[in-house]
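In: Okay, here's the prediction I keep looking at, along with the sequence it came from:
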Amino acid sequence: MKINEIFYSLQGEGKNTGLPTVFIRVTGCNLRCSFCDTKYAYYTGKELEIPEIIEKTKKYNCKNICITGGEPLLQKNVTILIDKLIEKNYNVCLETNGSYSIKNILDKNNLMISLDIKCPSSNMQDKMDYNNIQLLKEKDQLKFIIKNKKDYNYAKKIIEKHKPKCTVYLQPVWGTDPRKIAEWIKKDCLNVRLGLQLHKIIWGEKRRK
């Protein structure tokens, strides 16, 4: 597998916000979101065998793993990596961008899928596989990155149409005032959580290494 970086930090987003976590960032992404904050992972990385990846995670003595990118489902061996980590009693979160089907990674114990659905400001909304929303389990999470009212209304429409079983997060594009999104959520009494990027609040936009 081509790996961009492996590092230890706090999870900054979603259900596991604040938890010490080892991040395995894969190289490569099929999308080019306008607000992407990990463009450095588009191409650069090093080929590592799965045992090497696991060995590098072990040194942190932490059982929470986040496989992120880039887009992990571009990597043909990512399901093998997930299985090997779960065998070693790691709690695994897979972050995926919503454009690839998740049907082949469902029903794994100790795995949470964190699925993005891209909104119009990303310029990638036409790349989404909306069938994924119905596949999400209660233990998973669904995330929309929100820049403006158009994004908010788009997310609201998707939520109302697909009625996800899992927790839904609306997360402001970094630099967007979260107060306006909070007010929209309150006004509509929308059954979602406002998600803030804790790691950026603490450390700014520098890479967590």
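Out: On my side now, so go ahead.
In: the longest strand in the chain is where?
Out: Among the elements of the chain assigned as strand by DSSP state E, the one spanning the most residues is strand 2-10.
In: Mind listing what's buried along that strand?
Out: Within strand 2-10, the residues that count as buried by 16 or more other C-beta atoms under 10 Å are 2-6, 8-10. Placement of C-beta: from N, CA and C, glycine included.
In: what's the answer for stretch 55-69, then?
Out: Neighbour counts over stretch 55-69 (16+ other C-beta under 10 Å) mark 57, 60, 62-69 as buried.
In: sorry, back to before: go ahead and measure how far the longest strand of the chain is from the middle of the chain.
Out: 14 Å (C-alpha atoms, centre = their mean, to the nearest Å).
In: which strands and helices sit next to it?
Out: strand 20-26, strand 46-47, helix 50-58, helix 198-203 (3 or more C-beta pairs under 8 Å, 6 or more residues apart in numbering; DSSP states H and E).
In: can you tell which of these is closest to Pro120?
Out: Nearest to Pro120 among these is helix 198-203 (22.7 Å), distances taken as C-beta to C-beta.
In: Using CSV, write out the CA atom coordinates for the closest one.
Out: Output for helix 198-203, consisting of C-alpha atoms alone and laid out as CSV, is shown next (Å, rounded to 0.1, in the frame of the first residue of the first chain):
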residue,chain,number,x,y,z
LEU,A,198,-10.8,20.2,17.3
HIS,A,199,-7.3,19.6,16.0
LYS,A,200,-7.3,22.9,14.1
ILE,A,201,-8.7,24.7,17.1
ILE,A,202,-5.8,23.4,19.1
TRP,A,203,-2.9,23.4,16.7
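In: How about residues contacting it?
Out: 9-13, 17-18, 174, 208 (C-beta atoms under 8 Å, 6 or more residues apart in numbering).
In: My impression was that Ser121 belongs to a strand - is that right?
Out: No - assessed with DSSP: H, G, I helix; E, B strand; the rest coil, Ser121 is helix; it does not lie in a strand.
In: burial count for it?
Out: Burial of Ser121, expressed as a neighbour count using other C-beta atoms under 10 Å, amounts to 19.
In: ok, the nearest residue to it once chain neighbours are set aside to Val22 distance?
Out: Leaving aside its chain neighbours, Ser121 sits nearest to Lys147 (3.9 Å; criterion: C-beta to C-beta, 6 or more residues apart in numbering). Lys147 is 30 Å from Val22, where distance means C-beta to C-beta, to the nearest Å.
In: more neighbours, these two?
Out: Val22 (22 against 19).
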